[in-house]
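Chemist: could you look at this predicted model? Sequence included:
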Amino acid sequence: MSSNGAGVATRGTASNYLQRGPSPSGLADVLELILDKGLVIDAYVRVSVIGIEILTIDARIVIASVDTYLRFAEAVNRLDLSESGGKGLGDLEEDGAKRKVKGAIEGAGDSVKDKTERVREKVGGGRD
Amino acid sequence: MPAPLYVYGIVEAEGPALELPEGVARATPSVHVRGRIGAIVSRFAGGEPVGRPTDVKAHEQVLRAVLEGRNTVLPVRFGSVHADAAALERDLLEPRAAELERLLAEFADAVELELRVLYPDIDTLLRELVDGDPRLARLSRRARESGSYHAQIELGEATVAAFEERRAADRALVRERLTPLVRDWRERDELPERVAGQFAFLVERPRLSEFEETAETLAEEVHERLRLRLLGPLPPYHFVSFELEPAGAR
């Protein structure tokens, strides 16, 4: 097995400004990379996976709503206070995203199991 | 007892032996050869559900290991399982051989590189936007002084618009520098706030170092406000995302 088979293997580049890695580092990165990508050879035998809930996390952070406007306004308002060490928009967003990711992954277990069992019935039951 | 097979990807039958890590459901992957096509598979008969984080990571790791040993791999979508080896041949490898060979030739020596462009510090970016835009500065003062809901919304809306404008310009800069070096590319449309852009590039191996050097130059040029993170070489996930209709499907 190769030396970079798992995890982050970030190496510096000549300039060190480009962050470089052969592989996605965390679960969210991997999900983003592989889910709904690649050849679909037969939708019938595909196991449904946890991806949908997870992928919508990012979409939820997308700028669209009044909530967002208020959040940005608040962030701008805070710029003047930022020397006193308040939490920035980036920090708040990351905290929120982490909670959502965690919840989605934890919550995904059961539905994955159900779906897998359905698929297994089909696979195990033979097709012809 | 049939042994269902989990499929990771498609390679040419001929090629160096592969050293593959543990796969989905902790099974050991191998190459199932039929004619000129090889399918990377592992047994999928254990009592565990697929779709756990370890399975998702294993799928990606196996494919990456394949790419270390071979120049070309067509990734198959996560969660693809065939009833047994006979079904794999009957439903995929035999009826789709010509199409798979054509795809292997089309993607020969092409790898995917994923680029994520991040705003390392949103607050600094916002400050720049406000400082550089008299209207934003005025709205900001007014929102602070009046504190009214309406003023907040107006400030927020204008800030978001300025932010999106900046992001569009940053994305355009990346496209301008890098797309001339690639065969194909994809860009993600919906982005989290701290992501300026996310791209998948299909790069031919002979141009890989030129592409990397250009990305490096760009990263250096914009390092004060953008952070560039380049992943790969990876299998061409974004570029073979389509469905092969199974021959003889029910």
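Modeler: Cool, the structure landed. These numbers were taken from a predicted model, which means no experiment stands behind them. Numbers count the residues shown, from 1 in each chain, chains lettered A, B, ... in the order given.

Chemist: just want the residue of chain A that's nearest chain B.
Modeler: Distances between chain A and chain B by Cβ to the nearest Cβ are smallest at A:Tyr69, namely 2.9 Å. Every residue, glycine included, has its C-beta placed from N, CA and C.

Chemist: so is that residue in a helix, a strand, or just coil?
Modeler: Look at A:Tyr69: counting by DSSP: H, G, I helix; E, B strand; the rest coil, its state is helix.

Chemist: now it, nearest residue through space, not along the chain?
Modeler: B:Gly156 (2.9 Å; Cβ to Cβ, 6 or more residues apart in numbering or on different chains).

Chemist: low pLDDT regions in the chain?
Modeler: Picking chain A for this. A:1-15, A:41-65, A:80-128 (pLDDT under 70).

Chemist: think we crossed wires, I meant chain B
Modeler: In chain B (pLDDT under 70), the answer is B:1-2, B:46-51, B:245-250.

Chemist: what's the single longest helix in it?
Modeler: Secondary structure assigned by DSSP state H gives helix B:149-178 as the longest helix of chain B.

Chemist: and that helix, what does it pack onto?
Modeler: When contacts are defined as 3 or more Cβ pairs under 8 Å, 6 or more residues apart in numbering or on different chains; DSSP states H and E, helix B:149-178 packs onto helix A:66-79, strand B:110-118, helix B:122-131, helix B:134-146, strand B:184-187, strand B:195-204, helix B:208-221.

Chemist: CA-only coordinates of the second one in CSV, if you can.
Modeler: Read it as strand B:110-118. Listed next in CSV are the C-alpha coordinates belonging to strand B:110-118 (Å, rounded to 0.1, in the frame of the first residue of the first chain):
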residue,chain,number,x,y,z
ALA,B,110,-6.3,12.0,-18.2
VAL,B,111,-6.6,12.7,-14.5
GLU,B,112,-8.8,15.0,-12.4
LEU,B,113,-7.4,17.8,-10.3
GLU,B,114,-9.7,19.5,-7.9
LEU,B,115,-9.0,23.1,-6.9
ARG,B,116,-10.7,24.8,-4.0
VAL,B,117,-10.2,28.5,-3.6
LEU,B,118,-10.9,29.8,-0.1
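
Chemist: could you check which residue of chain B lies nearest chain A?
Modeler: B:Gly156 (2.9 Å).

Chemist: tell me how far that residue lies from B:Val182.
Modeler: 37 Å (Cβ to Cβ, to the nearest Å).

Chemist: contact partners for the residue of chain A closest to chain B?
Modeler: B:Gln152, B:Ile153, B:Leu155, B:Gly156, B:Glu157, B:Thr159, B:Val160 (Cβ atoms under 8 Å, 6 or more residues apart in numbering or on different chains).

Chemist: before we move on, the earlier item: nearest to A:Asn16 among the helices and strands packed on helix B:149-178 would be which one?
Modeler: Counting by Cβ to Cβ, A:Asn16 lies closest to helix B:208-221 out of these; the figure is 8.6 Å.

Chemist: buried sites along that closest one?
Modeler: For helix B:208-221, the neighbour count (16 or more other Cβ atoms under 10 Å in any protein chain shown) marks B:Leu208, B:Phe211, B:Glu212, B:Ala215, B:Glu216, B:Leu218, B:Ala219 as buried.

Chemist: what do you get for stretch B:71-88?
Modeler: B:71-85, B:87-88.

Chemist: please apply the same query to stretch B:16-24.
Modeler: Those would be B:Leu18, B:Leu20, B:Pro21, B:Glu22, B:Gly23, B:Val24, for stretch B:16-24 by 16+ other Cβ under 10 Å.

Chemist: name the nearest residue to the second one, sequence neighbours excluded.
Modeler: It stands for B:Leu20. That would be B:Pro29: by Cβ to Cβ, 6+ apart, it lies 4.5 Å from B:Leu20.

Chemist: so that neighbour sits right up against B:Ile40, yeah?
Modeler: Yes - when contacts are counted by Cβ atoms under 8 Å, B:Pro29 is listed as touching B:Ile40 (5.6 Å).

Chemist: any residues in contact with both of those two?
Modeler: What both B:Pro29 and B:Ile40 touch, as defined by Cβ under 8 Å, 6+ apart, is the set B:Tyr8, B:Leu20, B:Val62.

Chemist: mind checking how far the residue of chain B closest to chain A is from B:Ala143?
Modeler: 8 Å.

Chemist: before we move on, what about B:Leu92?
Modeler: From B:Leu92 over to B:Ala143 (counting by Cβ to Cβ), the distance is 60 Å.

Chemist: in terms of neighbours, single out the busier of these two.
Modeler: Counted by other Cβ atoms under 10 Å in any protein chain shown, B:Leu92 and B:Ala143 do not tie: B:Leu92 has more neighbours, with 27 against 24.

Chemist: that one touches B:Val41, doesn't it?
Modeler: No - the criterion here is Cβ under 8 Å, and B:Leu92 misses it with B:Val41 at 10.4 Å.

Chemist: shared neighbours of these two, anything?
Modeler: Joint contacts of B:Leu92 and B:Val41 (Cβ under 8 Å, 6+ apart) are B:Val7.

Chemist: mutual contacts of B:Gly156 and B:Ala143, please.
Modeler: Joint contacts of B:Gly156 and B:Ala143 (Cβ under 8 Å, 6+ apart) are A:Ala73, A:Val76.

Chemist: residues contacting stretch B:134-148, please?
Modeler: Under Cβ under 8 Å, 6+ apart, the answer for stretch B:134-148 is A:73, A:76-77, A:79-80, B:129-131, B:151-152, B:154-155, B:158-159, B:162.
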